[in-house]
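Engineer: Pasting the sequence and the predicted model now:
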Amino acid sequence: RDMIVVEDLWKTYDMGSEQQVSALRGISLRIKENEYVAIMGPSGSGKSTFMNLIGCLDSPSKGKYWLNNQLVSELDDDELARIRNKEIGFVFQTFNLLARATALHNVELPLIYNGTPAAERIERAKEALRNVNLETRMHHKPNELSGGQRQRVAIARALVNSPSIILADEPTGNLDSKTGVEIMALFDELQAKGNTIVLVTHEPDIAEYAHRVVHIRDGEIASDEPSKRFR
Ligand code: ADP
Ligand code: ADP
């Protein structure tokens, strides 16, 4: 079953005085349910632009995007925000946790936004923290946690809504290499449990943790192959 279908996706930015930059130039791609794909490319290749489209944070200039069988490329901003909250679990380089809230409360946040009752919220947040092996730290605030533990909280927050895809943007960018390896091992576990994962990175070593590596160069797909360990 296809989770993501992208057909001839273009994104062109207006730079004023009739200048334009095409950050994406006709990307076509399919990602199946339970795949683990890395989007790789040098700085300026169009990764962030692509991630913003896949993550329903922005709309393409041209082309079609189906997420979980819904055509999302033609939705307005409000509809896009609704789909985003339901279908996408974001993980960022900078963790983006609320400093004054406990791990448990940070993980509950997406459920507060969508109106889940409190008792169910707490149960689901605890379950998500169990899935990242961080139950014992649930009452700690971010500044009482290590970098790797903070990223685990952020991953639990991404999981708590049971999203269609986990979209991770340089998830190890702020971690030392040992902790980075632990976080990548956690993504492996999550894939084994059935999650669909899209990882965006400029680091070839990190991309190799995925099962499939898509290289973007100058807004086009330059290659699309199994990672070394799956060849
Ligand atoms: P990457 O994430 O791989 O570094 P980006 O998607 O950020 O690449 O950028 C791709 C190209 O699009 C670059 O040439 C960049 O300068 C341009 N670009 C990205 N965002 C904007 C924007 N908001 N306005 C104008 N140009 C942009
Ligand atoms: P709303 O417009 O409904 O308030 P937001 O734009 O605040 O929605 O964010 C909705 C979701 O999108 C949140 O889950 C948030 O994590 C994610 N999000 C918002 N801004 C960004 C961003 N710049 N990059 C990645 N994800 C974002």
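Structural biologist: Arrived safely, thanks for sending. Residues are numbered from 1 along each chain as shown. Ligands and ions are numbered 1, 2, ... in the order given.
Engineer: Who does Ile27 form a beta bridge with?
Structural biologist: Beta-bridge pairing for Ile27 (DSSP bridges): Leu9.
Engineer: Please tell me how far it sits from ligand 1.
Structural biologist: 11 Å (C-beta to the nearest ligand atom, to the nearest Å). Backbone N, C-alpha and C define where each C-beta goes, glycine included.
Engineer: for Lys11, same thing?
Structural biologist: The value you get for Lys11 to ligand 1, if C-beta to the nearest ligand atom is used, is 8 Å.
Engineer: Quick check: chain neighbours aside, which residue is closest to that residue?
Structural biologist: In space, and not counting its chain neighbours, Lys11 is closest to Leu24: 4.2 Å by C-beta to C-beta, 6 or more residues apart in numbering.
Engineer: Could you do Ala158 as well?
Structural biologist: Setting aside the residues directly before and after it, Ala158 is nearest to Gly89 in space (C-beta to C-beta, 6+ apart), at 3.1 Å.
Engineer: Just read off the phi/psi values of the residue nearest to Lys11.
Structural biologist: The phi/psi pair for Leu24 (degrees, to the nearest 10) reads phi -130, psi 130.
Engineer: Count the residues that sit near it.
Structural biologist: Leu24 sits with 26 neighbouring residues when counted by other C-beta atoms under 10 Å.
Engineer: how much space between it and Ile221?
Structural biologist: Separation of Leu24 from Ile221 (C-beta to C-beta, to the nearest Å): 10 Å.
Engineer: again, but for Val6
Structural biologist: If you go by C-beta to C-beta, the gap between Val6 and Ile221 works out to 10 Å.
Engineer: go on, Arg137?
Structural biologist: 40 Å.
Engineer: Leu199 too?
Structural biologist: Leu199 sits at a distance of 16 Å from Ile221 (criterion: C-beta to C-beta).
Engineer: swap in Asp169?
Structural biologist: The gap separating Asp169 from Ile221 is 19 Å, by C-beta to C-beta.
Engineer: Equivalent analysis for Arg84, please.
Structural biologist: Applying C-beta to C-beta, the value for Arg84 to Ile221 is 24 Å.
Engineer: who's in contact with the residue lying closest to Leu145 once chain neighbours are set aside?
Structural biologist: Spatial nearest neighbour of Leu145, chain neighbours left out: Arg137 (6.1 Å); criterion: C-beta to C-beta, 6+ apart. Arg137 is in contact with Ala103, Leu129, Glu144, Leu145, Gln149, Val153, counting by C-beta atoms under 8 Å, 6 or more residues apart in numbering.
Engineer: Going by distance to ligand 2, which of those wins?
Structural biologist: Lowest distance from ligand 2 to the contacts of Arg137 (C-beta to the nearest ligand atom) belongs to Val153, with 13.6 Å.
Engineer: Around ligand 2, pick out the residues from the chain.
Structural biologist: Contact residues (C-beta under 6 Å from any ligand atom) of the chain with ligand 2: Gly55, Leu57, Ala81, Arg84, Asn85, Phe90.
Engineer: close enough to count as contact, the residue nearest to Lys11 and Leu53?
Structural biologist: Yes. Contact criterion C-beta atoms under 8 Å: Leu24 and Leu53 qualify, at 7.4 Å.
Engineer: residues shared between the contacts of those two?
Structural biologist: Leu9, Lys11, Pro60.
Engineer: other SSEs contacting the host helix or strand of the second one?
Structural biologist: When you say that, I think you mean Lys11. Here Lys11 is covered by strand 2-14, with elements defined by DSSP states H and E. Here strand 2-14 touches strand 20-32, helix 47-54, strand 62-67, going by 3 or more C-beta pairs under 8 Å, 6 or more residues apart in numbering; DSSP states H and E.
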